[in-house]
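Visitor: Okay, sequence plus prediction incoming.
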Amino acid sequence: MNTASKKVFKLVSCGIHFLFERFVQPISTNEDSRRKEFILNVILIGSIGLLTWSNIFIILEIFSRGIHRTGVSLLVFNIFTILFCSLYWLSRKGYSNISSYSIVFLYFIGNTYASARWGPNLPAALLGFALVIVISSILISTRFSFVMGGLIFATITTLGYLEQANKILPDTHWKKEVFVLGDAVEYSLLLFVILIISWLSNREIEKSLHRARSSEADLIKERDLLEIKVDERTQALRKAQLEKMSELYRFVEFGRLSSGVFHDLINPLNALSLNVGLLKSVQEAHTPEMQAYIQKALTASAKMETYIATVRKQIQMNNSPSTFCLNEEIQAAITVLEYKAKKNNVQMLFIEVDNINMYGSSIKFHQIATNLISNAIDAYDGFESTNSRIVLIELATSTKQIVFTVKDFGIGISIEIQKEIFEPFFTTKHSSKGSGLGLSTTKHIIERDFKGTISVSSQEPLGTIFEVLIPLSLDTSQDEQNTSKV
């Protein structure tokens, strides 16, 4: 296509677009109303065009054949032309519903007039009635098209009866005339109009369905994205809640254990006070006795330092990762729980192979050890057994992971309960002794902070084993190996 042809094509396209916007494009905002208004405007413009051409054809026929002619008079065509122009004006002014009902009745009246004048079996009138039903269904509603169908049925039946009873005498000369090309063109034109109107309606419906499907797809996509966002937000909130619950649980457990810690602090304090007091009464010559008292005072002081350091670690909030010794954290947990174990007549045995260092949160691991050992001690609460009341704590390493095990020989856990013990707020203890957060918090810390796993195996009434597996290598921001065996 050369430049001149492109310019002509562009001008024609712009002209068609201008005419469409000016004369055809609907003004309604509702999608369904716009579809009906668009089809109405096309029908009105087409009808006005046909009526105008009919007026011109009749005028030419009058000039060629004289004033005497058969068929519809020029006056009737002029009246219908004016009426259709008025309906088009109403449609462009926003009264498309009034215009739709009016055009249906105009077509109905026109076809009724043709049926009454030339007989109810006039092919053009029958096709015109079919057009009325199609227009009624498309422009107004299916229910209204049924109403018009009933009215047309009644009209044709009535006219047929009146003709048979000689009540009316329609002009039937057309039945004796030979079927000519003009008749074929007329009937084909009516069928083509029905086809065009149906096609326009289907096309607009398909476009609306396409838009609806696209909107539905967008809504589904938005819904999926919203579900993802809600799920992410829920997970974030759940994570924050678990963090808060974990911190609160640490203080709850510390509150429960504090009485034992303070009880154990009293004895070293008394020993320290007593030995320091005895130092005053010991004469300078008695050096060995003085050294013994000093040693006892130093021992009591060291034990108090251990207790205080453990308590301080329990209540501090610094969870920043660092290299720490797992053995020391387990021993610190045992120290905190020493009074509770004595009170329950339980002996804690810690079996360790070597000192194992790890990079991470020492507070978190201390919490893991405290929770598991405390639960093992509670397993003997109210349980009478001929077996020794022992809590066996083991720390070892394999080729790829650290294995931390806490075993008791207490009451055990039933298989049904084992499925629920890691759920938040689930507890088999009395409300004064358990909050149901210990194991759920422990599991959360192991999986999130140490990328490990925790499992339980138990048999009533032989005892329970909790096993924690932590990978030997944990990735850090510097991509270093932060867990090592010394």
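Guide: Yes, it's here.
Visitor: if I pick residue 162, what's in contact with it?
Guide: residue 168 (Cβ atoms under 8 Å, 6 or more residues apart in numbering). Every residue, glycine included, has its C-beta placed from N, CA and C.
Visitor: would you list every one of the helices in the stretch 251-400 of the chain?
Guide: All helices of the stretch 251-400 of the chain, identified by DSSP state H, counting those that start in this stretch, fall at 287-315, 326-336, 338-343, 362-378.
Visitor: Determine which of those shows the lowest mean per-residue pLDDT.
Guide: Sorting the helices of the stretch 251-400 of the chain by mean pLDDT places helix 287-315 lowest, at a mean of 65.
Visitor: Kindly provide the distance from residue 62 to residue 80.
Guide: Distance check for residue 62 against residue 80: by Cβ to Cβ, to the nearest Å, it reads 18 Å.
Visitor: So which of the two has more stuff around it?
Guide: Shown here are residue 62 and residue 80; by other Cβ atoms under 10 Å, residue 80 has more neighbours (21 against 13).
Visitor: any idea of the pLDDT on that one?
Guide: Reported pLDDT for residue 80: 82.
Visitor: tell me what whatever helix or strand it lives in is packed against?
Guide: Per DSSP states H and E: residue 80 is located in helix 74-92. Where contact means 3 or more Cβ pairs under 8 Å, 6 or more residues apart in numbering; DSSP states H and E, helix 74-92 is packed against helix 31-65, helix 96-118.
Visitor: which element is the closest residue to residue 444 other than its chain neighbours on?
Guide: Computed as Cβ to Cβ, 6 or more residues apart in numbering, the closest residue to residue 444 that is not its neighbour in sequence is residue 242, at 5.2 Å. Using DSSP H and E, residue 242 sits in helix 181-281.
Visitor: Same question for residue 402.
Guide: With DSSP H and E as the criterion, residue 402 is inside strand 401-408.
Visitor: looking only at pLDDT, what's the mean for that strand?
Guide: The model assigns strand 401-408 a mean pLDDT of 92.
Visitor: For that strand, buried residues please.
Guide: Residues of strand 401-408 classed as buried by neighbour count (16 or more other Cβ atoms under 10 Å): 401-402, 404-408.
Visitor: hang on, the earlier thing: mind checking which of the helices and strands packed on helix 74-92 is nearest residue 217?
Guide: helix 31-65 (17.2 Å; Cβ to Cβ).
Visitor: so the closest one versus helix 96-118, what angle?
Guide: Relative orientation of helix 31-65 and helix 96-118, computed by axes from the mean of the first three to the mean of the last three Cα atoms, to 10 degrees: 40 degrees.
Visitor: what distance separates helix 31-65 from the centre of its chain?
Guide: 53 Å (Cα atoms, centre = their mean, to the nearest Å).
Visitor: elements contacting that helix?
Guide: helix 74-92, helix 96-118, helix 123-139, helix 181-281.
Visitor: buried stuff in the third one?
Guide: Applying a neighbour-count criterion of 16+ other Cβ under 10 Å, the buried positions in helix 123-139 are 124-139.
Visitor: How about residues contacting that helix?
Guide: 36, 39-40, 43, 100, 103-104, 107-108, 110-111, 114-115, 118, 144-145, 147-149, 152, 156, 183, 186-187, 190-191, 193-194, 197-198, 201.
Visitor: likewise stretch 405-412?
Guide: In contact with stretch 405-412 (Cβ under 8 Å, 6+ apart) are residues 372-373, 375-377, 379-380, 382-383, 385, 387-395, 458-468.
Visitor: which among the buried residues of helix 123-139 gets closest to residue 325?
Guide: Nearest to residue 325 among these, with distances taken as Cβ to Cβ, is residue 138, at 84.8 Å.
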